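Chemist: Predicted coordinates and the sequence they were generated for:
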Amino acid sequence: MSELTVLQAVRLKGRVNEAELAATLYEDPAGVASTIAQLTEVGLLVAGKTLRISPDGRGRLNALLAQERSGIDQDALAAAYDDFRAVNAGFKALVADWQLKDGQPNAHDDAGYDAAVLARLDDVHHRVSPIIAAATAQLPRLDIYADKLAAALEKIKAGDTAWFTRPIIDSYHTVWFELHEELIVASGLSREEEAKAGHAQ
Amino acid sequence: MGAKHPPVMLLDGNAGLPRETLGNKGYGIDAMRGHGLPVPPAFCLTTEVCAQFFADPQRCLDGIWDEVREKMGWLERQTSRTFGRGPRPLLVSVRSGAAQSMPGMLDTVLDLGMDDAVEDALAAVSSAEFAADTRSRFVHMYRRIVLGGEESVEVPVDPWAQLRGAIEAVFSSWNSPRAIAYRRHHGLDESAGTAVVVQAMVFGNFADDSGTGVLFSRNPMTGADEPFGEWLPGGQGEDVVSGSVDVEPIAALRDEQPDVYDELMVAARMLERLGADVQDIEFTVEEGTLWLLQTRVARRSAQAAVRLALQLRQEGLIDDAAALRRVSAAHVETLLLPSLQPETRLAAPLLAKGLPACPGVVSGTAYTDVDEALDAADEDEDVILVRAATSPDDVQGMIAARGIVTEIGGATSHAAVVSREIGRPAVVGCGAGVVEALAGRLITVDGAEGEVREGILELTAWSETDSPDLAELADIARRISPIRAHTSGDYPVLENTSEAAVADALTAGFTDVISPHPLITMLTALRLSADSKGLADV
């Protein structure tokens, strides 16, 4: 398991324990534990009640990401990110409709309304899947996002709607949020720049 | 249909027709003119025309067009201006005006009557800048509202075609899907139709001594008997309503144009007396002349609802029963919960303003670094996380924080989504520089108002026994409510304040009961008995 994968996962989660990290990476806990031990040893991760990335680790991660970017077809990735931004707008509107109904917090007491909103998620999923495939052609490690989105969607469809927007767990929104961050970084941009340009809202 | 009055009516104070025919706006304009208030001249196509329009749009408009031209001539004479040409061009606004306002209806098109020659003439009597600004406002608004944002369709060049297009669009919007859905939901009459109001424009963006504003005849948040509102020098009406620019408090108008301010206060008092309630008034000042554009009953906070009901009763504008109708059980329930009282809120300096993303009021220290925020929260400190925009790795910090503030981002931003999910009051999109400005300060985040204020502001609740205003209202209620409710005594006991419990007590013929919240019980009893007599407000 690569140093980049682990550092990036810890960074995206902010603070995370070993078991959660192994789960989100779909990796064997023993292998994750040994990588964590090495990275903690050299001061790139800080282990406490939870794991987090150190300033050195952040520097190392940024260098690894820059190196990774240098080997890809930037135009192809930029095109994938462009497509993502278009779907992102629709997804964010969908999330807002899920959380708010007539401008008030959605009490989720109107099954018809909720079902109509969730039905739109299928379309979003259909549209984002080829975009992830295109990005994965450049950065193979991004393929895990397709699996994680599909897993969240399956749980939502089975009736466990917490997997739509709940933070911390790998809900559809959590995975989407992280994927968005990956695409921003892979395009050599920052979230602040993207937010100011109105794309990371 | 054989209408007993013309399809196009002057709103000169003598129209003498009901709201159902003139529409709410048209009726209001006619009434204000009738009382000698300064309202720009206007006429309206009545709601009856709307039905004819749907039978055959072009034939309907052809049939009334001579009358429209004739009434436009009246506007020209009233304003000493001319439509579609100089040297002093007349521009008009076109508005919808159903008897009841509803979403989905075309609202307002301003500055209509514009072509190259009109722009030149406007430039000659004012400035090239004003003329160009007005034209660009018109084109944008016409495209957005009348043409539905369609970029491929040209805005008509001919002012008369603009007028006809706008009237057609207003009528058509009566049957927009949103309007139909709204009427169905609220059981409103499908055949009522909308009127169309055509009114001479006045310009707040004209030159010196011009501007536009909104005045509440009394403070709608605290209920204090003091004028409250906003003034935007050099602005047009939609600038204030949209909240897209910074406005000044109404006191700025008093300093800039004291005579206009005094005239506005007198008009506000008159409108208050006529409506027997606090008014929300849109006005424009054009070169030192005051014009009233619209007035309506002001929306208000629960605090203001109680205080204003008592004030207006004290002043003899309303009787006991009306005062009690102005306060709902929901208002009292809101007041009994701890909340940020409006006077506390308004007394604290405003540090930042953004979009309300998740409601609630929380206080703490502003942290701008997630790790520091997490450490502080671990030490049981009350943390407010303030970030430019939020990234995935901020989520832990958001959860540890009591509230969230961002510089960038709208109502669907990641920060907004996560804050709602975890129930942390949040204000987003406060603008650049907020992180730096707030770092390390003690602040209060008001997620309902979209505000960040200085200091740790205390939340307090009213009490039915200890708050004089509620006690006074309860005394009044005991005089006229079909059920007198008390906190103690030898009477039947109501378990709760639910409508069902009150209805049962009424059916049982109780005249006195013990209730956990006597005022709420009596307000409910008054409403139920009014409903059953068919006397509810309509």
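Modeler: Received the coordinates, thanks. Residues are numbered from 1 along each chain as shown, chains lettered A, B, ... in the order given.
Chemist: Would you mark the buried spots in the helix or strand containing residue B:138?
Modeler: Counting by DSSP states H and E, the secondary-structure element that holds residue B:138 is helix B:128-141. Judged by neighbour count (16 or more other Cβ atoms under 10 Å in any protein chain shown), helix B:128-141 contains these buried residues: B:130-131, B:133-135, B:137-138, B:141. Yep, even glycine has a C-beta here, placed from its N, CA and C like the rest.
Chemist: residue contacts, the residue nearest to residue B:385 when sequence neighbours are not counted?
Modeler: Of all residues beyond its chain neighbours, the one nearest residue B:385 is residue B:401 (3.9 Å), with distances taken as Cβ to Cβ, 6 or more residues apart in numbering or on different chains. When contacts are counted by Cβ atoms under 8 Å, 6 or more residues apart in numbering or on different chains, residue B:401 is found next to B:364, B:367, B:373, B:377, B:383-385, B:424.
Chemist: again with residue B:517
Modeler: For residue B:517, the residues meeting the contact criterion (Cβ under 8 Å, 6+ apart) are B:332, B:336, B:464, B:497.
Chemist: Give me the helices and strands touching the longest helix seen in chain A, please.
Modeler: Taking residue count as the measure and DSSP state H as the definition, the longest helix of chain A comes out as helix A:111-138. Applying 3 or more Cβ pairs under 8 Å, 6 or more residues apart in numbering or on different chains; DSSP states H and E, one finds that helix A:111-138 makes contact with helix A:74-99, helix A:143-157, helix A:172-186.
Chemist: now do 6 Å
Modeler: helix A:74-99, helix A:143-157 (3 or more Cβ pairs under 6 Å, 6 or more residues apart in numbering or on different chains; DSSP states H and E).
Chemist: Tell me the spacing between the most centrally placed residue in chain A and residue A:13.
Modeler: Central residue check for chain A by Cα atoms, centre = their mean: the C-alpha nearest the mean position is that of residue A:178, 2.1 Å away. Applying Cβ to Cβ, to the nearest Å, one obtains 8 Å for the distance of residue A:178 from residue A:13.
Chemist: for residue B:90, same thing?
Modeler: Where residue A:13 is concerned, residue B:90 sits at a distance of 64 Å (Cβ to Cβ).
Chemist: okay, now the closest residue to residue A:176 other than its chain neighbours: neighbour count?
Modeler: Distances taken as Cβ to Cβ, 6+ apart put residue A:91 closest to residue A:176, at 6.5 Å, once the chain neighbours are dropped. Look at residue A:91: counted by other Cβ atoms under 10 Å in any protein chain shown, it has 22 neighbours.
Chemist: Would you mind measuring from residue A:91 to residue A:179?
Modeler: As defined by Cβ to Cβ, residue A:91 lies at a distance of 11 Å from residue A:179.
Chemist: Residues in contact with stretch B:131-145: which ones?
Modeler: For stretch B:131-145, contacts defined as Cβ atoms under 6 Å, 6 or more residues apart in numbering or on different chains pick out B:106, B:109-111, B:114, B:119, B:122-123, B:155.
Chemist: ok so, going back, could I get the helices and strands packed on helix A:111-138 as a markdown table with mean pLDDT?
Modeler: Shown next, in a markdown table, are the helices and strands packed on helix A:111-138 (pLDDT from 0 to 100):
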| stretch | mean pLDDT |
| --- | --- |
| helix A:74-99 | 91 |
| helix A:143-157 | 96 |
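Chemist: Would you mind giving the ones you listed as TSV with distance to residue B:317 added?
Modeler: Below are these laid out as TSV (distance: least, Cβ to Cβ, whole Å):
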stretch	distance to residue B:317
helix A:74-99	42
helix A:143-157	55
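Chemist: Indicate which one of those is closest to residue B:228.
Modeler: When these are compared for distance to residue B:228 using Cβ to Cβ, the nearest one is helix A:74-99, at 31.5 Å.
Chemist: pLDDT below threshold where in the stretch 251-400 of chain B?
Modeler: With pLDDT under 70 as the threshold, the stretch 251-400 of chain B has no low-confidence stretch at all.
Chemist: if we can go back for a sec, quick one: the residue nearest to residue B:385 and chain A, what's the gap?
Modeler: For residue B:401, the distance to chain A under the criterion Cβ to the nearest Cβ, to the nearest Å works out to 13 Å.
Chemist: on that earlier part again, only the buried subset of the contacts of residue B:401, as a ChimeraX command please.
Modeler: If you want just the buried ones from the contacts of residue B:401 in ChimeraX, going by 16+ other Cβ under 10 Å, the selection is:
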select /B:364,367,373,377,383,384,385,424
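Chemist: how close does the nearest residue to residue A:97 once chain neighbours are set aside sit to residue A:56?
Modeler: Spatial nearest neighbour of residue A:97, excluding adjacent residues (Cβ to Cβ, 6+ apart): residue A:117 at 5.0 Å. Separation of residue A:117 from residue A:56 (Cβ to Cβ) stands at 44 Å.
Chemist: Residue A:17 too?
Modeler: If you go by Cβ to Cβ, the gap between residue A:17 and residue A:56 works out to 21 Å.
Chemist: Secondary structure element holding residue 21?
Modeler: Defaulting to chain A. Using DSSP H and E, residue A:21 sits in helix A:18-25.
Chemist: meant chain B, my bad for not saying
Modeler: Per DSSP H and E: residue B:21 is located in helix B:19-34.
Chemist: follow-up on the earlier one: using TSV, lay out the buried residues of helix B:128-141 together with pLDDT.
Modeler: Below are the buried residues of helix B:128-141 laid out as TSV (pLDDT from 0 to 100):
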residue	pLDDT
B:130	87
B:131	91
B:133	88
B:134	89
B:135	93
B:137	88
B:138	93
B:141	89
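Chemist: Dump those into TSV; add distance to residue B:274 as well.
Modeler: TSV is the format used below for the buried residues of helix B:128-141 (distance: Cβ to Cβ, whole Å):
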residue	distance to residue B:274
B:130	35
B:131	37
B:133	35
B:134	33
B:135	37
B:137	32
B:138	33
B:141	31
